[in-house]
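Visitor: need a structure here:
(2 chains)
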There are 2 protein chains.
Amino acid sequence: MPELRRHYFLDEYCIIAAERKKRPSDFPATKAPGGETVCPFCPGNEKMTPPAVAVYTEQGVLFDGQESTCSWLLRVFPNVFAAMVPCPAPATADWIALPGRGHHEVIVDSPLHRENPADFSQERMEMLIHVYRDRYVHYREDSLVKYVSIFKNWGKEAGASLSHSHSQLITLPILPPLIKRELDAISRASLCPFCNIVAQEKESCRLIDENDNWILIAPFYSQAPYETMILPKRHFANLQEMHEDETKSLAALLKRALGSMQSLLNDPPYNYMIFQLPFGCYHLNIRIQPALSNIAGFERSTGIYINSFAPEKVAEELRQKLTAPKS
Amino acid sequence: MPELRRHYFLDEYCIIAAERKKRPSDFPATKAPGGETVCPFCPGNEKMTPPAVAVYTEQGVLFDGQESTCSWLLRVFPNVFAAMVPCPAPATADWIALPGRGHHEVIVDSPLHRENPADFSQERMEMLIHVYRDRYVHYREDSLVKYVSIFKNWGKEAGASLSHSHSQLITLPILPPLIKRELDAISRASLCPFCNIVAQEKESCRLIDENDNWILIAPFYSQAPYETMILPKRHFANLQEMHEDETKSLAALLKRALGSMQSLLNDPPYNYMIFQLPFGCYHLNIRIQPALSNIAGFERSTGIYINSFAPEKVAEELRQKLTAPKS
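Guide: Numbering: from 1, shown residues only, chains lettered A, B, ... in the order given. So this is what the prediction gives:
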């Protein structure tokens, strides 16, 4: 049973999840010599994972227990090596430990083992965003769920243990410290700080791309090399409040963001993360961080990140890749 | 010129330091094929680095400009690829950017290219701690310096770019957000929260080792696999306030901490970091974090770290390595 542990005296948390040690990996360095690993995420190997909670097919969505041998486009199931699990457990006596009560889902993005998210079709990317929305809506109703984290780890260095493209969803019984600090700042501001980012960066040299509904920027405050951020021009808090035309244009811009990064940096490992909340004051945003540098002693001891790549230069390089023919 | 940039609306900072892209590395993956790299940290290659600001020899310490061809034990000089530099510069117009005003020093821990910090003699470790103290004292007098970060990155995955053992010192013109949050919590507490950690963990299953003046624990709140922490039993704020017997026993315990980690985990990459402040309310502490896991989307989007290794088990394993004969 995972445990959510509070820091001795700060409002910070870690999750102790010993079961996760056992999760398999199919990346070369850890693959058994000589043997080809069977991918549990590939069609035909569904029995290697828990039963799906949602299966997206050409004919529509199949929920809990309805999965059959039909071909699927995207498949959602509980993570066997979960950081958070549904059942409750008693708290540890010393300091503060909560049971790791929550949910941890895997979203297999594609039936194709080697498909790169940067190469997803417009239709697949739209469907993936629909899945993110559906799963978010499913969990926001749950009174024990205080936060829904949806993210993708692409590549071993970005924390993926299997190479078949997938996303993950983890629900938490608390608001994460990082989000709390954002909410505190929002509550003190007279205008939405994210609306302010949109207004300012839309006119800046850090704008990489935009369409009717969204902007793609290299943030002024960039922790990681080649970090980018996608923001909706309209103020809304979460995927449930997103209009259908916004879904389509988000899929298009996310494709362009991943494509330019793939092209410029030769398919780097990266994380993308959807930040959203059920509160109307929040402004949905998506952050993309390539995993190209190590977090070292300075970062760990100060919380300040040293980044050797100026966002202004990053924006210029990524813009060029958007207009250049694909190499 | 590096730039210290504030987050759009949070009290968080990053450092944009484009010059650091150019720093060399001698780790295998990046070494030029066929060519042996010349180590700029080795004796005889002093001309490859800026002149030393302090050189520790058998005969005593030589300061700025006194360096000659004498043999040295430890050598301190400014980092060529600095994250912070002494001269001021104008701030950027949009949002908040401060000039990266500060200092960034390299402390070469040993004249021996392949010496592992876990194998340092008691004398060398004591001298290294004296250097940390001397450099800290040097900078705490500077009114523009608000924080002194001293740390070691060991191994490529922990952020080291050169394999010859060295430590680093970076001064900042602000208090880092992480330290500010600690100070806030300390100011609200009736007793020192670190004294409380010492009192509680000394009697817990997370105690790994102790001597007259210090304890070594696997913290209840552990972000990283095999994370450990060294705390003085006496309340004091920084290295300047440390007694000579405490220096000796800290060197001994740090040696045991690094040695047990080296033995259990086969010389893992790691960071260790000295947390200290000039304010009497603070309680000096040293944190050691092996770099064995990737920071992934969940950590980046919540600030909550998933750790597959329970501190209670980690303490047990490290204790066994301390009593077992070295394998």
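Visitor: Can you mark which positions in the lengthiest helix in chain A are buried?
Guide: Using DSSP state H to define each element, chain A has its longest helix at helix A:244-265. Residues of helix A:244-265 classed as buried by neighbour count (16 or more other CB atoms under 10 Å in any protein chain shown): A:246-265. Every residue, glycine included, has its C-beta placed from N, CA and C.
Visitor: Following element in sequence after that helix, please.
Guide: strand A:270-275 (DSSP states H and E).
Visitor: quick revisit: by contact count, what packs against the longest helix of chain A?
Guide: helix A:122-140, strand A:207-210, strand A:214-217, strand A:228-232, strand A:270-275, strand A:285-290, helix A:311-323 (3 or more CB pairs under 8 Å, 6 or more residues apart in numbering or on different chains; DSSP states H and E).
Visitor: Out of the ones you listed, flag the one nearest B:Glu312.
Guide: strand A:270-275 (29.8 Å; CB to CB).
Visitor: Could you list the residues of the stretch 1-150 of chain A in contact with chain B?
Guide: A:4-21, A:83, A:94-95, A:147, A:149 (CB under 8 Å from any CB of the partner chain).
Visitor: filter those residues to the buried ones?
Guide: So, by 16+ other CB under 10 Å, the buried ones in the residues of the stretch 1-150 of chain A next to chain B are A:4-9, A:12-17, A:19-20, A:83, A:95, A:147, A:149.
Visitor: ok so, going back, save the helices and strands packed on helix A:244-265 as JSON lines, and put in mean pLDDT too.
Guide: Conversion of the helices and strands packed on helix A:244-265 to JSON lines gives the following (pLDDT from 0 to 100):
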{"stretch": "helix A:122-140", "mean pLDDT": "97"}
{"stretch": "strand A:207-210", "mean pLDDT": "98"}
{"stretch": "strand A:214-217", "mean pLDDT": "98"}
{"stretch": "strand A:228-232", "mean pLDDT": "98"}
{"stretch": "strand A:270-275", "mean pLDDT": "98"}
{"stretch": "strand A:285-290", "mean pLDDT": "98"}
{"stretch": "helix A:311-323", "mean pLDDT": "95"}
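Visitor: Save the ones you listed as JSON lines, and put in distance to A:Ile179 and mean neighbour count too.
Guide: Shown next, in JSON lines, are these (distance: least, CB to CB, whole Å; neighbours: other CB atoms under 10 Å in any protein chain shown):
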{"stretch": "helix A:122-140", "distance to A:Ile179": "14", "mean neighbour count": "19"}
{"stretch": "strand A:207-210", "distance to A:Ile179": "25", "mean neighbour count": "20"}
{"stretch": "strand A:214-217", "distance to A:Ile179": "20", "mean neighbour count": "24"}
{"stretch": "strand A:228-232", "distance to A:Ile179": "16", "mean neighbour count": "25"}
{"stretch": "strand A:270-275", "distance to A:Ile179": "8", "mean neighbour count": "24"}
{"stretch": "strand A:285-290", "distance to A:Ile179": "12", "mean neighbour count": "22"}
{"stretch": "helix A:311-323", "distance to A:Ile179": "23", "mean neighbour count": "17"}
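Visitor: Quick one: closest of the ones you listed to B:Lys156.
Guide: Across the helices and strands packed on helix A:244-265, B:Lys156 has its closest neighbour in strand A:285-290 (17.7 Å, CB to CB).
Visitor: How far away from the center of its chain is the helix or strand just after the closest one?
Guide: Per DSSP H and E, strand A:285-290 leads on to helix A:297-302 as the next helix or strand towards the C-terminus. Relative to the chain's own centre, helix A:297-302 is displaced by 24 Å; criterion: CA atoms, centre = their mean, to the nearest Å.
Visitor: what sits up against helix A:297-302?
Guide: A:304-306, B:83, B:147, B:149, B:151-153, B:158-159, B:168, B:170, B:172, B:176-179, B:271-275, B:287, B:289 (CB atoms under 8 Å, 6 or more residues apart in numbering or on different chains).
Visitor: Please report how far the residue of the stretch 1-150 of chain A found nearest chain B lies from B:Ile197.
Guide: Relative to chain B, the nearest point of the stretch 1-150 of chain A is A:Phe9 (3.8 Å; CB to the nearest CB). Per CB to CB, to the nearest Å, A:Phe9 is found 8 Å from B:Ile197.
Visitor: try A:Ile16
Guide: Using CB to CB, A:Ile16 is found at 17 Å from B:Ile197.
Visitor: what sits against the closest residue to A:Met48 other than its chain neighbours?
Guide: Distances taken as CB to CB, 6 or more residues apart in numbering or on different chains put A:Pro40 closest to A:Met48, at 3.7 Å, once the chain neighbours are dropped. Contacts for A:Pro40 (CB under 8 Å, 6+ apart) come out as A:Pro24, A:Met48, A:Thr49, A:Leu162.
Visitor: Neighbour-wise, give me the winner out of those.
Guide: A:Leu162 (20 neighbours; other CB atoms under 10 Å in any protein chain shown).
Visitor: Is it part of a helix or strand, or is it coil?
Guide: Following DSSP: H, G, I helix; E, B strand; the rest coil, A:Leu162 is assigned to coil.
Visitor: Next: A:Leu169.
Guide: A:Leu169 - assigned by three-state DSSP - is strand.
Visitor: Can you name the residues that contact A:Ala224?
Guide: Taking CB under 8 Å, 6+ apart as the test, what A:Ala224 contacts is A:Gln289, A:Pro290, A:Ala291, A:Leu292, A:Ser293, A:Tyr305, A:Asn307.
Visitor: since we're on the fifth one, how many residues are nearby?
Guide: When you say that, I think you mean A:Ser293. Neighbour tally, A:Ser293, other CB under 10 Å: 20.
Visitor: Make sure it is actually in contact with A:Glu227.
Guide: No: using CB atoms under 8 Å, A:Ser293 makes no contact with A:Glu227, being 10.6 Å away.
Visitor: what sits in contact with each of those two?
Guide: With CB under 8 Å, 6+ apart as the test, A:Ser293 and A:Glu227 both reach A:Asn307.
Visitor: circling back to that earlier point, now the phi/psi pair for the residue nearest to A:Met48, please.
Guide: Note on A:Pro40: its backbone torsions stand at phi -70, psi -10 [degrees, to the nearest 10].
Visitor: how far away is it from A:Glu46?
Guide: 9 Å.
Visitor: One more: A:Ser167?
Guide: From A:Ser167 to A:Glu46 the distance is 18 Å (CB to CB).
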